[in-house]
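Participant: Provided below are the primary sequence and the corresponding predicted coordinates.
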Amino acid sequence: MQITTKALILSSIKYGDTSLIVKAFTYTDGLKSYLLKGILASKKGKLKTAYFQPLTQLEIVVNHKNKGTLERLIDAKVSYPYQSAHTDIAKNAMVFFLAEILVNSIFEEEQNEDLFRFLEASLQWLDTHDNINNFHLFFLLSLSKYLGFYPDTTNMNYPYFDLAEGAFIETPGMNPILKEEALELFKMFLGINFDAIHKVRMGKKTRQELLQSLVLYFEVHLHGFKKPRSLAILNEVFS
């Protein structure tokens, strides 16, 4: 059945000499993969390769058979044209990092309107704001809410946060933990929104350490999650 839906591009991989396999998170059907035959050879086709950069926001016309195979993408147009997300060096590094995070985090081929709206709105916020140094930290923390492992905020006065338990604890055990400065900064992100992230002040080294801990948090809670290869590039850009 042919439908029109919003979609967020997660990845595109060259297939053969002229084609692409594109992974997208759609508003109507969750995660989908499409085979775009001949797109790299055609200069006059309706589908442009520029549409399939990471985290591009599209409106697509598709034919979903929902059989777990590659789907057919009939038409596409940009639904939200980014002003700076793909051209600003720091934002572009962040976009590639977040796209990798999402590829390793979203597996369901089913509708998740709340997650889609969160991704759409937060990426538009990134595109239109300049003070983005903490964006990826707050994004990861917020994303965990939609994936089912947002931190338990009871006992926030306890001196440790257990990454495996997702909770604040009095006495550390064998699990990896957050403590001291990293813990205080982590707590500052809980319960705020994107407009307040610039108020959380930290040095570059501390930001990198907190990011490493949040990536580990995802590794612990998501089966099959792989540490993004673009993490090193992101750290380089923000150092």
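Facilitator: All right, it came through fine.

Participant: only C-alpha atoms for contact and neighbour calcs from this point on.
Facilitator: Will do.

Participant: How about residue 144: what's its closest non-neighbour residue?
Facilitator: Distances taken as CA to CA, 6 or more residues apart in numbering put residue 150 closest to residue 144, at 4.8 Å, once the chain neighbours are dropped.

Participant: correct me, but the one you found touches residue 142?
Facilitator: Yes. With contact taken as CA atoms under 8 Å, residue 150 and residue 142 are classed as touching, separated by 7.4 Å.

Participant: Between those two, which is the more surrounded one?
Facilitator: For the pair residue 150 and residue 142, the greater number of neighbours falls to residue 142 (23 against 17), based on other CA atoms under 10 Å.

Participant: wait, doesn't that one sit right on residue 148?
Facilitator: No. No contact is recorded between residue 142 and residue 148 when judged using CA under 8 Å, the distance being 10.5 Å.

Participant: May I have the residues that are in contact with the residue nearest to residue 144?
Facilitator: For residue 150, the contacting residues are 141-142, 144, 166, by CA atoms under 8 Å, 6 or more residues apart in numbering.

Participant: top of those by neighbour count?
Facilitator: Busiest of the contacts of residue 150 [other CA under 10 Å] is residue 142, holding 23 neighbours.

Participant: That residue should be in a helix, yeah?
Facilitator: Yes. Applying DSSP: H, G, I helix; E, B strand; the rest coil, one finds residue 142 inside a helix.

Participant: Kindly provide the distance from it to residue 111.
Facilitator: Taking CA to CA, to the nearest Å as the criterion, residue 142 is separated from residue 111 by 19 Å.

Participant: Would you mind pulling up the elements that the longest strand seen in the chain packs against?
Facilitator: Counting residues, the longest strand found in the chain (DSSP state E) is strand 2-15. Under the contact criterion of 3 or more CA pairs under 8 Å, 6 or more residues apart in numbering; DSSP states H and E, strand 2-15 touches strand 19-26, strand 57-63, helix 89-103.

Participant: Pull up the pairing partners for it, direction included.
Facilitator: In the sheet containing strand 2-15, the strands it pairs with under DSSP bridges are strand 19-26 (antiparallel), strand 57-63 (antiparallel).

Participant: hmm, who's touching the last one?
Facilitator: The reference is to strand 57-63. With CA under 8 Å, 6+ apart, strand 57-63 has contacts from 1-9, 51, 71-81, 120.
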